[in-house]
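Asker: Provide a 3D model corresponding to the input given below.
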Amino acid sequence: LYIHRDVPLGEDSNYVVAPADGFIVDIQRFGQDHPLDRDNPLSPTVPDYRLTFMHSCTVFTIFIHLGDFEPAIAHKVGQIPLNGRWSASPGKAIKVKAGEPIAKFGATSFDWSVHDANTILTGFIVPEHYESEEWKIHTVAPFQYYSEPIKSDLLSKMLRTVEPQAGKIDYDIEDTIAGNWFMDGTVDYSGNVPPTSKYWQGHLSIAYGYIDPTQIRISFGLDTGINDELYCNICQGAYGVRGNQPDPATVGPDSGIVKYELMSRTDEGSYQGREQVGDTSLGIFLVQHLGDRTIRVEVIPGKAPNEVAGFSDASLVYRR
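Answerer: Numbers count the residues shown, from 1 in each chain. A predicted model of the protein is given here:
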């Protein structure tokens, strides 16, 4: 979940509280602090922490982008430097009861997720690819753990109305192009794409909108050559498809070369509005399933479907 708030007026006195009884077992501090109001460079700077709660032997929750800790917790963990880490030694985990304050917001939003070691998501064909973020394949919908009326109150705030209402991250379907792909030569989810260490540059996702899953979404970590700032300032590498066809779940080894016309997305201010296909054609995405969990892809910016015959030497191979 991504939880947002308005910039506080005056002193920031609100704390994020523990969702359930548990133990703080790990805290990491990112390499850079941030202004409380990211749109105001004169705003006071706050730290940026990632915190792991252990609620049972199998259920964990993770907070990302927390700010200053509640004083009692801050006293126990001490000063954590930039890029530093605090991990609980045996018997030193910090016990926290449900509803007790943990930390302030790191800015105006934070991430929160629930993970159950007894659950393994079936939509990751090769779960071993995610060992660098071992919690990812165990991500579960958080709402099932809440009692009423909190559960209904939270669900009423969700922008997504389609089940599963908490969304989905594992879209892989065997023998189709649907799901996650990694550039040939990179090392699973962790990358890397020489000469940088930006692991996401090796990623490609052919999936669906997170609010409106009728919308096909083709998302690149690598620079596509499309000028997002000029043609789709909300895209950030994640593009719509004209007509939302063909469904990636139907494209396989027998489909040959398939052309998707990449489109902008509408910018209506709301998150729901940004999910719809815009009016600006951005180029062509060519994809061919080669079998053996391998695809060939290429993005040709600024071209219409009838202007593209097939792959060039600039095409890339991706694998599961």
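Asker: Burial check on the closest residue to residue 192 other than its chain neighbours, number of neighbours?
Answerer: Nearest residue to residue 192, sequence neighbours excluded (CB to CB, 6 or more residues apart in numbering): residue 199, at 5.9 Å. From N, CA and C alone the C-beta is placed, and that goes for glycine too. By other CB atoms under 10 Å, 19 other residues sit near residue 199.
Asker: separation between residue 199 and residue 218?
Answerer: Distance of residue 199 to residue 218, given as CB to CB, to the nearest Å: 19 Å.
Asker: Now the nearest residue to residue 216 once chain neighbours are set aside. Its backbone dihedrals?
Answerer: Among residues not flanking residue 216 along the chain, residue 241 sits closest, at 4.3 Å (CB to CB, 6+ apart). The phi/psi pair for residue 241 (degrees, to the nearest 10) reads phi -130, psi 130.
Asker: Next: residue 17.
Answerer: Backbone torsions for residue 17, taken as degrees, to the nearest 10, come to phi -110, psi 160.
Asker: That one and residue 3: what is the separation?
Answerer: Residue 17 is 12 Å from residue 3, by CB to CB.
Asker: Kindly report the same for residue 10.
Answerer: Look at residue 10 and residue 3: by CB to CB, they are 21 Å apart.
Asker: Tell me which residues are up against the helix or strand containing residue 25.
Answerer: Using DSSP states H and E, residue 25 maps to strand 22-29. The contact list for strand 22-29, computed with CB atoms under 8 Å, 6 or more residues apart in numbering, reads 47-56, 61, 73, 77, 80-88, 93-96, 102.
Asker: I'd like to know which of these are buried.
Answerer: The neighbour-count test (16 or more other CB atoms under 10 Å) marks 47-55, 61, 73, 77, 80, 86, 88, 93-94, 96, 102 as buried among these.
Asker: Sort out for me which of these are in helices.
Answerer: In helices, defined here by DSSP state H, the members of the buried ones among the contacts of strand 22-29 are 73, 77.
Asker: partners of the helix or strand of the chain with the lowest mean pLDDT, with directions?
Answerer: The helix or strand with the lowest mean pLDDT-type score in the chain, counting by mean pLDDT, DSSP states H and E, is strand 2-4 (a mean of 88). Sheet partners assigned to strand 2-4 using DSSP bridges are listed as strand 109-116 (antiparallel).
Asker: mind listing what's buried in the partner strand?
Answerer: Of the residues in strand 109-116, 110, 112-116 count as buried by neighbour count, 16+ other CB under 10 Å.
Asker: With stretch 88-107 instead?
Answerer: 88, 93-94, 96, 101-107.
Asker: likewise stretch 204-218?
Answerer: For stretch 204-218, a neighbour-count test (16+ other CB under 10 Å) marks 204-213, 215-218 as buried.
Asker: Send me it as PDB with only the CA atoms.
Answerer: The C-alpha trace of stretch 204-218 is given here as PDB (Å, rounded to 0.1, in the frame of the first residue of the first chain):
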ATOM      1  CA  LEU A 204      10.500  -5.300 -18.700                       C
ATOM      2  CA  SER A 205       6.900  -5.800 -17.600                       C
ATOM      3  CA  ILE A 206       4.000  -6.700 -19.900                       C
ATOM      4  CA  ALA A 207       1.000  -6.600 -17.700                       C
ATOM      5  CA  TYR A 208      -2.100  -4.500 -16.800                       C
ATOM      6  CA  GLY A 209      -3.100  -1.300 -15.000                       C
ATOM      7  CA  TYR A 210      -2.900  -1.500 -11.300                       C
ATOM      8  CA  ILE A 211      -6.200   0.400 -10.800                       C
ATOM      9  CA  ASP A 212      -8.000  -0.600 -14.000                       C
ATOM     10  CA  PRO A 213      -6.700  -4.000 -15.100                       C
ATOM     11  CA  THR A 214      -8.500  -3.700 -18.500                       C
ATOM     12  CA  GLN A 215      -5.700  -1.400 -19.500                       C
ATOM     13  CA  ILE A 216      -2.600  -3.100 -20.900                       C
ATOM     14  CA  ARG A 217       0.600  -1.600 -19.500                       C
ATOM     15  CA  ILE A 218       4.000  -2.100 -21.100                       C
END
